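A.B. asks: pasting a predicted model and its sequence here:
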Amino acid sequence: MRIHLIAIGGAVMHNMALALKASGHVVSGSDDEIFEPSRSRLEKAGLLPAAPGWFPEKITTELDAVILGMHARADNPELLQAQHMEIPIYNFPEYVYEQSKQAIRVAICGSHGKTTITSMIMHVLKSVGKQFDYLVGAQLAGFETMVQFSNAPIMIIEGDEYLASPIDKRPKFLFYQPHIALISGIAWDHFNVFPTYDNYVFQFRQLADSMTNDSLLVVQEEDTEISNMLAASSFSGRVIPYGTPDYSASTAGLVVHVNGRDYPMHIFGRHNMQNMEGARQVCAALGVETDDFFKAMQQFQGAAKRLEVLHQSSDHIIFRDFAHAPSKVRATTDAVKEQFPTHRLVACLELHTYSSLNKSFIDQYRNTMSSADVRIVYFNPHTVALKKLPEVLPEEVQSAFNDTELTVINDSSTLINLLKSLNVAKTHILLMSSGNFDNLDLGILT
């Protein structure tokens, strides 16, 4: 097929382009801006557009399909041309479904842990030799791309609740029609598109309601919001709850205790133990034995930017984590402190998303970093202005976090100087952001 991708430079979209080319399709695309690593990867594959921008002349009757990325606009010239010419237009979750109709589709959903759980399942299935295709939101060791299409009998999908496209405001996970779905937890996020908590929860209820009687729903049993959502849902398939496995943590590492056996792990944190248990239940439904699962997990190193170690010495580690939503910030901060209770923990969070910089939402972060010994929040006033939000003052952030000892910084040079001045003896530093701290050179901290 001849397929054109509008907004080809996105993290998932450029991986989809690579996957489509690898499976034999003729692929083209456009974007007004393409950054690294998308740019280099597209260029290497011969898919980098000759020039930035939108070119309606690229939309011709020779195309079999157009895939529309979320970062395009509804008035995109190429989209309008495709609509005028009545060329089939798909948003990317819609096209993922089209490519996996024949497979057992597994969707990993929830407000937190999606990428990690998806990564765990992919790692285990690969370790035990099962064939599968996938869509995941991070680059994983051992997998060349974040998307693969090969007509495998299983499709593993990280199921995001965010909008599918600029012309289709439904959540992405409603398009996958999963046979197996996992919901890791429900905690308000994406304030810009789900302005009330009830509206946000309703998206997950729609997912449950859309599943068939013979489908399987794996849910975090300790999350009361999931229980409340299911009580209001019409879901009539099978529900498998999961909790926290038996484990012990020390500075020497984390060990999971199952059926009289001990399995040392590279990953740590109570939330990751819950993520792993959810992944185990999904893998069990796909035919993976418990012992095989845990043996495979002993080699799992984690997904990119999920408690990723940037630097390590004998008594000092710098972690980077994608945590940005309140539930993720709390879970990640608690995890590092639990694993290293005798070390001082410096937690530094960048407020970067629309939700996190919105005065109507920011108090959701109340006490989320309380387990850290030193707590720092950074935001760039220019980012606030670009998002067309009201000015945010440092004292408002401190009040929202309910933390009189919280250091709030809104100047990057001040942040750099503070981090560089830290005494790092028996200290771990946790950097949390969905951004990049305004291109802070993290190497200066090592």
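C.D. replies: Structure received.
A.B. asks: what ranges do the strands span in the stretch 251-400 of the chain?
C.D. replies: 253-258, 261-265, 308-312, 316-321, 344-350, 374-378 (DSSP state E, counting those that start in this stretch).
A.B. asks: mind splitting the protein into its structural domains?
C.D. replies: If you go by automatic domain parsing, the domain ranges for the chain are 2-87, 95-297, 308-445.
A.B. asks: next, format these as CSV and append mean pLDDT and mean neighbour count.
C.D. replies: From N, CA and C alone the C-beta is placed, and that goes for glycine too. Output for these, formatted as CSV (pLDDT from 0 to 100; neighbours: other CB atoms under 10 Å):
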stretch, mean pLDDT, mean neighbour count
domain 2-87, 96, 18
domain 95-297, 95, 19
domain 308-445, 92, 18
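A.B. asks: ok, back up a step: need the strands of the stretch 251-400 of the chain in TSV with distance to L230, can you?
C.D. replies: Below are the strands of the stretch 251-400 of the chain laid out as TSV (distance: least, CB to CB, whole Å):
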stretch	distance to L230
strand 253-258	27
strand 261-265	30
strand 308-312	34
strand 316-321	29
strand 344-350	32
strand 374-378	35
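A.B. asks: nearest to A400, out of the ones you listed?
C.D. replies: strand 374-378 (9.4 Å; CB to CB).
A.B. asks: contacts for stretch 355-364, please.
C.D. replies: Stretch 355-364 is touched from outside by 188-192, 324-326, 351, 365, 379, 383-384, 387, 389-390, 392, 396-397, 400, with contacts defined as CB atoms under 8 Å, 6 or more residues apart in numbering.
A.B. asks: and if we set it to 6 Å?
C.D. replies: 191, 326, 351, 384, 389, 400 (CB atoms under 6 Å, 6 or more residues apart in numbering).
A.B. asks: element containing the residue lying closest to Y197 once chain neighbours are set aside?
C.D. replies: Leaving aside its chain neighbours, Y197 sits nearest to W188 (4.8 Å; criterion: CB to CB, 6 or more residues apart in numbering). Using DSSP states H and E, W188 sits within no helix or strand.
A.B. asks: from the chain's centre, how far out does the longest helix out of those in the chain sit?
C.D. replies: Taking DSSP state H as the assignment, the helix of the chain that covers the most residues is helix 270-285. Helix 270-285 has its average C-alpha position 16 Å from the chain's average C-alpha position, going by CA atoms, centre = their mean, to the nearest Å.
A.B. asks: quick check: angle from that helix to strand 261-265?
C.D. replies: 120 degrees (axes from the mean of the first three to the mean of the last three CA atoms, to 10 degrees).
A.B. asks: from the rest of the structure, what touches helix 270-285?
C.D. replies: Residues from elsewhere that reach helix 270-285 (CB under 6 Å, 6+ apart): 113, 116-117, 120-121, 124, 180, 182, 216, 218, 240, 242, 244-245, 247, 293, 331, 335.
A.B. asks: and what of stretch 246-266?
C.D. replies: 245, 268, 273, 294, 298, 301, 338-339.
A.B. asks: which one of those residues is nearest P77?
C.D. replies: Q301 (43.4 Å).
A.B. asks: and the closest one, how far is that from F235?
C.D. replies: 35 Å (CB to CB, to the nearest Å).
A.B. asks: and if you look at N228?
C.D. replies: 13 Å.
A.B. asks: with just CA atoms, put the longest helix of the chain into PDB.
C.D. replies: Taking Å, rounded to 0.1, in the frame of the first residue of the first chain, the C-alpha atoms of helix 270-285 are listed here in PDB:
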ATOM      1  CA  ARG A 270       6.200  -0.800  45.400                       C
ATOM      2  CA  HIS A 271       4.500   0.600  42.300                       C
ATOM      3  CA  ASN A 272       6.800  -1.400  40.000                       C
ATOM      4  CA  MET A 273       6.000  -4.500  42.000                       C
ATOM      5  CA  GLN A 274       2.300  -3.800  41.300                       C
ATOM      6  CA  ASN A 275       3.200  -3.100  37.600                       C
ATOM      7  CA  MET A 276       5.000  -6.500  37.500                       C
ATOM      8  CA  GLU A 277       2.100  -8.300  39.000                       C
ATOM      9  CA  GLY A 278      -0.300  -6.800  36.400                       C
ATOM     10  CA  ALA A 279       2.100  -7.800  33.700                       C
ATOM     11  CA  ARG A 280       2.200 -11.400  35.100                       C
ATOM     12  CA  GLN A 281      -1.500 -11.700  35.000                       C
ATOM     13  CA  VAL A 282      -1.600 -10.600  31.400                       C
ATOM     14  CA  CYS A 283       1.300 -13.000  30.500                       C
ATOM     15  CA  ALA A 284      -0.500 -15.800  32.300                       C
ATOM     16  CA  ALA A 285      -3.600 -15.200  30.100                       C
END
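A.B. asks: could you tell me the angle between that helix and strand 253-258?
C.D. replies: 40 degrees.
A.B. asks: how long is stretch 168-180 end to end?
C.D. replies: 24 Å (CA to CA, to the nearest Å).
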